[in-house]
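A.B. asks: just the structure for this:
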Amino acid sequence: MFPFAVDFYKLIHSLMSSDQPPLIETPLLDSNHDQEQPLSGVEVEDDDLGQTLQWLETFLTLLGFNQSSTRSLVLSWIVFLTVGLVLPVTVLELGHCKDCERYQYKSFELNIVVSQACLAGVSLLCVSHNLRKHGIRKFLFVDQLSGRMGRLKAQYIQQISNSVRLLALWSLPCFGLKAVREIIRMLYVPHDQPWLSVLILLSMILSWTYLSTVFLAASAMFHLVCNLQVIHFEDYAKLLDGESEISLFIYEHIRLRHYLSKISHRFRIFLLLQFLVVTVSQFTTLFQTTAYSGRITYINGGDFAVSAVVQVVGIILCLHAATKISHRAQAIASVASKWHAIMSCSSTDATQIRTSPSGVHLEATTNPPISFQISRSESDVESMEHYMRMPANNNNHFPSYMSMTAYHKRQAFVLYLQMNPGGITIFGWTVDRHLINTIFFIELSLVTFVLGKTVVFSPE
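C.D. replies: Numbering: from 1, shown residues only. So this is what the prediction gives:
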């Protein structure tokens, strides 16, 4: 008995000490059924994605978001305070003249500088904190442990490129408007030395471009994170075309909802402060412009328009990304309900008899193909177009789901999805169309209130 125990111990020890490659965590479901892949293959496939992420991290480092060390943290905030606050305020003080308020109103300029600096500061603080805590891969949820590199690598790279392109697409027109405005003001506001006018021009453009780029880059990063999750939900919706265990569907959906919960937790302060700063800035602008007795032109008040465009663009990027992923997550329940209805109503009998309500036989068919037509409004096309690609005939999958046990499993799965829709939330408030409508009417009420207090029509 004792020698047998010794041999058994040696066998277990040899198995535990053998050189086995580490297991790779793969998604619970794979539409291609090719979950097993060697680690070397993952590393080869990850080369292009790794280079893209490295380039993105370098770009964020140049803007000051990479604060992984104490030196980079201090340097980032010194640059922010110097370029974003000290430089424009100093230039406004040096370039201010008493007889040129027609072309440059100091109160307007200071309000714009403070609002832009607050937005950039909130963006820099929130995004840098998440990058320092999680790293670029876990921040974007494209780390190797997700097990999706083989299938989704190309879509990851394409989405990162699209987000950077979107940032450039909105930044360049705003930069052009700002440059034109500053050049016009330089021509109208006189200075003793020409070099002083050029210095003021370059300083104001540099400061404004830095602050606006930081704010728009943070909004673009949130937009990128949400759109990467859209890719995951689209991949999950395709899994209903195949045959898998219901429990695996649920486990995969739990993981996706966990990702959305993490994103909501990481960005809720950023979104809330962004809405608050933009609202306060816009209403301060409204107060100043309505209370100003002089004439407001593009020269002395053009920065209001340019900064408002930047703020609205940042808000739209965030709200569009949040509502898009929320509607993708909520649409899963609708797709699963239709899938459950098709599976339950399909029959494996050789012949089905169609009858009218009066009981008269109409025709006999043999396993008719299922046509899955969806009727939806144009406003729902974008949020549902990726989930409506159900196959025309799924009869080869029906037999494994015909038992009552399978029916109850599907019913439980649909009920779970309906009770757990998911989406981006801000302290429990799901960011969807309903919340956007609420925000719009609150802002409209505040605008009418301010106008009622400041704008007075007197009969003449």
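A.B. asks: distance from stretch 209-219 to the middle of the chain?
C.D. replies: Its chain's C-alpha centre and that of stretch 209-219 lie 16 Å apart, by C-alpha atoms, centre = their mean, to the nearest Å.
A.B. asks: typed the wrong thing, it's stretch 168-187
C.D. replies: 27 Å.
A.B. asks: for the record, mean pLDDT for it?
C.D. replies: Stretch 168-187 carries an average pLDDT of 86.
A.B. asks: so what touches that stretch?
C.D. replies: 103-104, 197-198, 200-201, 204-205, 208-209, 212-213, 216, 298-299, 302-303, 305-306, 309-310, 313, 317 (C-beta atoms under 8 Å, 6 or more residues apart in numbering). From N, CA and C alone the C-beta is placed, and that goes for glycine too.
A.B. asks: if you set the cut-off to 7 Å instead, what comes out?
C.D. replies: 103-104, 197, 201, 204-205, 208-209, 212-213, 216, 298-299, 302-303, 306, 309-310, 313 (C-beta atoms under 7 Å, 6 or more residues apart in numbering).
A.B. asks: report the buried residues of that stretch.
C.D. replies: Neighbour counts over stretch 168-187 (16 or more other C-beta atoms under 10 Å) mark Trp170, Ser171, Cys174, Phe175, Leu177, Lys178, Ala179, Arg181, Glu182, Arg185, Met186 as buried.
A.B. asks: buried members of the contacts of stretch 168-187 into PyMOL, please.
C.D. replies: Selection of the buried residues among those in PyMOL, burial being defined by 16+ other C-beta under 10 Å:
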select buried, resi 103+104+197+201+204+205+208+209+212+213+216+299+302+303+306+309+310+313
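A.B. asks: follow-up on the earlier one: what is the nearest of the buried residues of stretch 168-187 to Gln159?
C.D. replies: Ranked by distance to Gln159 (C-beta to C-beta), the buried residues of stretch 168-187 are led by Trp170 at 16.8 Å.
A.B. asks: what helix or strand does the closest one sit in?
C.D. replies: Trp170 is part of helix 149-188, with elements assigned from DSSP states H and E.
A.B. asks: C-terminal to that helix, what's the next element?
C.D. replies: helix 194-237.
A.B. asks: other SSEs contacting that following helix?
C.D. replies: When contacts are defined as 3 or more C-beta pairs under 7 Å, 6 or more residues apart in numbering; DSSP states H and E, helix 194-237 sits against helix 39-63, helix 87-94, helix 106-140, helix 149-188, helix 246-291, helix 298-345.
A.B. asks: mind checking how far the helix holding Trp170 is from the chain centre?
C.D. replies: With C-alpha atoms, centre = their mean, you get 16 Å for helix 149-188.
A.B. asks: from the buried residues of stretch 168-187, which is closest to Gly422?
C.D. replies: Of all the buried residues of stretch 168-187, Gly422 sits closest to Trp170, with 28.5 Å by C-beta to C-beta.
A.B. asks: follow-up on the earlier one: and the two most separated of the buried residues of stretch 168-187?
C.D. replies: Trp170 and Met186 (25.1 Å).
A.B. asks: which regions of the chain sit below the pLDDT cut-off?
C.D. replies: 1-46, 95-104, 143-150, 190-192, 241-244, 347-404, 452-460 (pLDDT under 70).
A.B. asks: 50 instead?
C.D. replies: For the chain, the stretches flagged by pLDDT under 50 are 1-6, 8-9, 11-45, 145, 347-402, 460.
A.B. asks: dump the helices and strands packed on helix 194-237 to CSV, plus distance to Gly428.
C.D. replies: Conversion of these to CSV gives the following (distance: least, C-beta to C-beta, whole Å):
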stretch, distance to Gly428
helix 39-63, 30
helix 87-94, 38
helix 106-140, 19
helix 149-188, 28
helix 246-291, 10
helix 298-345, 13
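A.B. asks: closest to Leu73 out of those helices?
C.D. replies: Closest to Leu73 of the helices and strands packed on helix 194-237 is helix 106-140 (C-beta to C-beta; 7.8 Å).
A.B. asks: just name whatever secondary elements that closest one is in contact with.
C.D. replies: Using 3+ C-beta pairs under 7 Å, 6+ apart, helix 106-140 sits against helix 39-63, helix 87-94, helix 194-237, helix 246-291, helix 298-345.
A.B. asks: point out the other helices and strands that the last one packs with.
C.D. replies: Using 3+ C-beta pairs under 7 Å, 6+ apart as the contact definition, the elements that helix 298-345 packs against are helix 106-140, helix 149-188, helix 194-237, helix 246-291, helix 381-384, helix 404-419, helix 433-454.
A.B. asks: the shortest one now?
C.D. replies: Using 3+ C-beta pairs under 7 Å, 6+ apart as the contact criterion, the neighbours of helix 87-94 among helices and strands are helix 106-140, helix 194-237.
A.B. asks: I'd guessed Ser326 sits against Val431; true?
C.D. replies: Yes: taking C-beta atoms under 7 Å as the definition, Ser326 is a contact partner of Val431 at 5.8 Å.
A.B. asks: now the common contact residues for the two.
C.D. replies: Contacts common to Ser326 and Val431, judged by C-beta under 7 Å, 6+ apart, are Gly423, Ile424.
A.B. asks: still on that earlier bit, can you redo the helices and strands packed on helix 106-140 as a markdown table with distance to Phe108?
C.D. replies: Output for the helices and strands packed on helix 106-140, formatted as a markdown table (distance: least, C-beta to C-beta, whole Å):
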| stretch | distance to Phe108 |
| --- | --- |
| helix 39-63 | 27 |
| helix 87-94 | 10 |
| helix 194-237 | 13 |
| helix 246-291 | 6 |
| helix 298-345 | 6 |
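A.B. asks: residue contacts, Asp432?
C.D. replies: Counting by C-beta under 7 Å, 6+ apart, Asp432 has contacts Thr323, Ser326, His327, Gly423.
A.B. asks: same thing but 6 Å
C.D. replies: Going by C-beta atoms under 6 Å, 6 or more residues apart in numbering, Asp432 touches Thr323, Ser326.
A.B. asks: quick check: it vs Tyr292, distance?
C.D. replies: 39 Å (C-beta to C-beta, to the nearest Å).
A.B. asks: closest to Tyr416 out of the helices and strands packed on helix 106-140?
C.D. replies: Ranked by C-beta to C-beta, the member of these that lies closest to Tyr416 is helix 246-291, at 6.1 Å.
A.B. asks: for the closest one, packing partners?
C.D. replies: helix 106-140, helix 194-237, helix 298-345, helix 404-419, strand 425-426, helix 433-454 (3 or more C-beta pairs under 6 Å, 6 or more residues apart in numbering; DSSP states H and E).
A.B. asks: ok, and what's touching the last one?
C.D. replies: The reference is to helix 433-454. For helix 433-454, the surrounding residues in contact (C-beta under 6 Å, 6+ apart) are Phe283, Leu286, Thr290, Trp429.
A.B. asks: quick one: the helices and strands packed on helix 87-94 as TSV, columns for distance to Glu245 too.
C.D. replies: Output for the helices and strands packed on helix 87-94, formatted as TSV (distance: least, C-beta to C-beta, whole Å):
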stretch	distance to Glu245
helix 106-140	28
helix 194-237	15
